[in-house]
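In: sequence and predicted structure, then a few things I'm wondering about:
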Amino acid sequence: MMAFHEEKNALTREKRSGAISHYHGTLASLTADAAGEEIPQRIRTFTQATNDDILSALTALRGIRGAAIVIHGAAGCAAAAGALAQAGGARWYSVNLSERDSILGSEAPLRETILRAIAEGAAAVFVVGTPVVAINNDDVHAVLLALGEETGVPIRHVNTDGFRSKSPLSGFDTALHALLRLVEPPESRGDFVNVLAAGDNIRNIAAIAGALDALGIGWNLLPALSSLENIHKAGQARATVSLNSDESEYFGLGLEAAFETPYLRLPAPVGRAATRRFITGVAETFGIAGKAQTWLDAQEAALGNILSAKPLAGKKVFLQLDTALVEGFSDLIRDLGGEVVGVALTSVDLNNRAHLARLEAAADIPALVAVGQPFEIANVLARTQVDDYIGPEQVAFAARFGVRPLSLRGAVFYGYEGVHALAARASGPHPDFRERVRGDYAENWLKKNGGWHVKREVR
């Protein structure tokens, strides 16, 4: 049987793990829906603009030094590169398709753009698809195969188009599928662990790298802030671990299937309990569990005053996170004295549904599976007493509802450093936003059931 990473394209999250991207109900009803052999699909009859698989793929690839990212579409399709390219790493190119190209085919300008990238020093090229190419039906694979043989440079198709999947997380899988095909078969095992960080910020990465350094554990970071050499040698690792399994488990599962490199199924290192489990799991692989426990005990002792102060005492918190992170955040908020009263999740699938079952929050709290749907979250905030809103995106609008926004964008929240950081921010004042208007939301909308337009899919 062919390993999944050897297939021409990665399966979407819906096909690979039954992911759902639309839900509006309670945590109890969502957990019940996810308990069976498949999760019932739902659709939204109205939706706002949202991230798609293309943006996730670009996020995963952007930090690879020595590589080129070729965005196969019109110039506007490459607009996301303006913000993502600030992270450094890969060089960016746009095929810059004209109207004629989008109708009659774009193989010639694609070839020219790839050859330019190689001439300017690219050691590998990733061609990222866009909606334009999905419509004009170019045979991209044939072009890339011919150019790869002609130049000797690895050229990989990242087959995204914004249409294939409703889950933006599918884009991470598609990008990692291309990277798996660059891993070289190992001749021996190295004394290091692969640390997978696909969409994590540099401060989070540094927090975990620092912990591994303190224990003397070698690490190989990829794809964020990595090189092609990091990818080539990934199969040699003693084991692989994800910082956020929702984003990067595909690579770990691929290495395990292809090269028997163990994939450690550990929680995201958020909060005291999950960080201990994460570090202990890695340390056991290297036979230094005792050393790790001594270090962990010292780190937790340093949290004594923070935990006893309970900076979130009596506060009700709404979380907008990937499902892989919400369990750790729920524990952390409880340690700081707060209570989770609602969640908005990026996606839920058969591989991460166990996180829902382990949540100790009240079963009747609102639960949404939604990306880029602030109008639905606004409806929940209008109906629910919330003091703090925590998430990486779209947090500022919470202030309109008298809720303090605590953005995770660029902030550290992994490891013990993350506990210190969130506790410090939680200790700040709660501005009185109550006199502010509720944005552009009509009062009849705020009173209406927020899930009226989320329908169970009929097959």
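Out: All right, it came through fine.
In: so who does Ile69 touch?
Out: Listed by Cβ atoms under 8 Å, 6 or more residues apart in numbering, the contact partners of Ile69 are 58, 61-62, 81, 90-93, 126, 128. The way it works is simple: take the backbone N, C-alpha and C, and place the C-beta from them, glycine included.
In: among these, name the least confidently predicted one.
Out: Lowest pLDDT among the contacts of Ile69: Ala81, with 68.
In: coming back round to it: can you put the contacts of Ile69 in a markdown table and add distance to Ile205?
Out: Compiled in a markdown table, these are given as follows (distance: Cβ to Cβ, whole Å):
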| residue | distance to Ile205 |
| --- | --- |
| Leu58 | 18 |
| Leu61 | 16 |
| Arg62 | 14 |
| Ala81 | 21 |
| Ala90 | 17 |
| Arg91 | 21 |
| Trp92 | 22 |
| Tyr93 | 26 |
| Phe126 | 21 |
| Val128 | 23 |
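In: contacting residues around Glu14?
Out: Contacts of Glu14 by Cβ under 8 Å, 6+ apart are 20, 41, 165-167, 170.
In: tell me if it really is in a helix.
Out: Yes: counting by DSSP: H, G, I helix; E, B strand; the rest coil, Glu14 falls inside a helix.
In: what's the span of stretch 169-187, first residue to last?
Out: 32 Å (Cα to Cα, to the nearest Å).
In: swap that for stretch 331-345, please
Out: 16 Å.
In: and it, how far out from the chain's middle?
Out: Chain-centre distance of stretch 331-345: 20 Å, with Cα atoms, centre = their mean, to the nearest Å.
In: what of stretch 101-121?
Out: The answer for stretch 101-121 is 30 Å, by Cα atoms, centre = their mean.
In: list the buried residues in that stretch.
Out: 101-102, 105-107, 109-111, 113-115, 117-118 (16 or more other Cβ atoms under 10 Å).
In: so what's the residue count around Glu150?
Out: 12 (other Cβ atoms under 10 Å).
In: confirm that it sits in a strand.
Out: No: per three-state DSSP, Glu150 lies outside any strand segment and is helix.
In: quick one: terminal-to-terminal distance for stretch 210-225?
Out: 15 Å.
In: contact partners for Phe163?
Out: Counted by Cβ under 8 Å, 6+ apart, Phe163 has contacts 131, 134.
In: actually, Leu325.
Out: Each residue near Leu325 by Cβ under 8 Å, 6+ apart is listed here: 244, 246, 268, 270.
In: quick check on it: phi, psi?
Out: When quoted as degrees, to the nearest 10, the phi and psi of Leu325 stand at phi -100, psi -20.
In: can you give me how far stretch 411-429 is from the chain middle?
Out: Counting by Cα atoms, centre = their mean, stretch 411-429 comes out at 20 Å from the chain centroid.
In: ok, now which ones touch the residue lying closest to Ser17 once chain neighbours are set aside?
Out: Leaving aside its sequence neighbours, Ser17 sits nearest to Asp349 (Cβ to Cβ, 6 or more residues apart in numbering; 3.9 Å). Asp349 makes contacts with 13, 17-20, 39, as judged by Cβ under 8 Å, 6+ apart.
In: so of those residues, which ones are in helices?
Out: Among these, DSSP state H puts 13, 17 in helices.
In: what is the nearest of the contacts of Asp349 to Gly73?
Out: Arg13 (22.4 Å; Cβ to Cβ).
In: follow-up on the earlier one: quick one: which two of the buried residues of stretch 101-121 are the most distant?
Out: Across the buried residues of stretch 101-121 (Cβ to Cβ), the longest gap, 24.4 Å, separates Ser102 and Ile118.
In: in space, what's closest to Ser351 - neighbours in sequence excluded?
Out: Actually, residue 351 is Asn rather than Ser. Ser17 (4.8 Å).
In: surely the one you found is in contact with Ser347?
Out: No: if you go by Cβ atoms under 8 Å, Ser17 and Ser347 don't touch, sitting 9.3 Å apart.
In: higher neighbour count, those two?
Out: The neighbour comparison of Ser17 against Ser347 (other Cβ under 10 Å) goes to Ser347, with 26 against 22.
In: need the contact list for the more buried one.
Out: 13, 19-21, 167-169, 246, 322-323, 369, 371.
In: go through the contacts of Ile69 and flag which are in strands.
Out: Members of the contacts of Ile69 lying in strands (criterion: DSSP state E): 91-93, 126, 128.
In: between those residues, which has the most around it?
Out: Top of the ones in strands among the contacts of Ile69 by neighbour count (other Cβ under 10 Å): Val128, with 30 neighbours.
In: mind checking how far that one is from Ser56?
Out: From Val128 across to Ser56, the span is 11 Å (Cβ to Cβ, to the nearest Å).
In: thinking again about what came up before, with the ones in strands among the contacts of Ile69 in mind, which one is nearest to Asp191?
Out: Phe126 (29.7 Å).
In: re earlier: JSON lines for the ones in strands among the contacts of Ile69, including distance to Ser188?
Out: Compiled in JSON lines, the ones in strands among the contacts of Ile69 are given as follows (distance: Cβ to Cβ, whole Å):
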{"residue": "Arg91", "distance to Ser188": "33"}
{"residue": "Trp92", "distance to Ser188": "36"}
{"residue": "Tyr93", "distance to Ser188": "37"}
{"residue": "Phe126", "distance to Ser188": "29"}
{"residue": "Val128", "distance to Ser188": "34"}
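In: ranges for the helices of the stretch 1-150 of the chain?
Out: 13-17, 27-33, 53-61, 81-84, 99-104, 107-119, 131-136, 140-151 (DSSP state H, counting those that start in this stretch).
In: next one: the stretch 301-450 of the chain
Out: 304-309, 323-335, 354-358, 374-383, 415-426, 443-447.
In: among those, which is nearest Ile390?
Out: Going by Cβ to Cβ, the one of the helices of the stretch 301-450 of the chain nearest Ile390 is helix 323-335, 6.9 Å.
In: quick one, that closest one and helix 415-426 angle?
Out: 60 degrees (axes from the mean of the first three to the mean of the last three Cα atoms, to 10 degrees).
In: avg pLDDT for helix 323-335?
Out: Helix 323-335 comes out at a mean pLDDT of 95.
In: can you mark which positions in it are buried?
Out: Neighbour count says helix 323-335 has 323-335 buried, by 16+ other Cβ under 10 Å.
In: what's the spacing between that helix and its chain's center?
Out: 16 Å.
In: kindly report the same for stretch 256-264.
Out: 21 Å.
In: any idea of the mean pLDDT for that stretch?
Out: Mean predicted lDDT for stretch 256-264 stands at 96.
In: first to last residue in it, what's the distance?
Out: 10 Å.
In: now do stretch 55-66
Out: Note: stretch 55-66 ends 20 Å apart using Cα to Cα.
In: tell me the buried residues in that stretch?
Out: Result for stretch 55-66 [16+ other Cβ under 10 Å]: buried residues 55-64.
In: tally of neighbours for Glu187?
Out: Glu187 has 7 nearby residues by other Cβ under 10 Å.
In: in three-state terms, label it for me.
Out: Per three-state DSSP, Glu187 ends up coil.
In: how far away is Ser407 from Ala207?
Out: For Ser407 relative to Ala207 (Cβ to Cβ), the value is 17 Å.
In: no further queries at this time; thank you.
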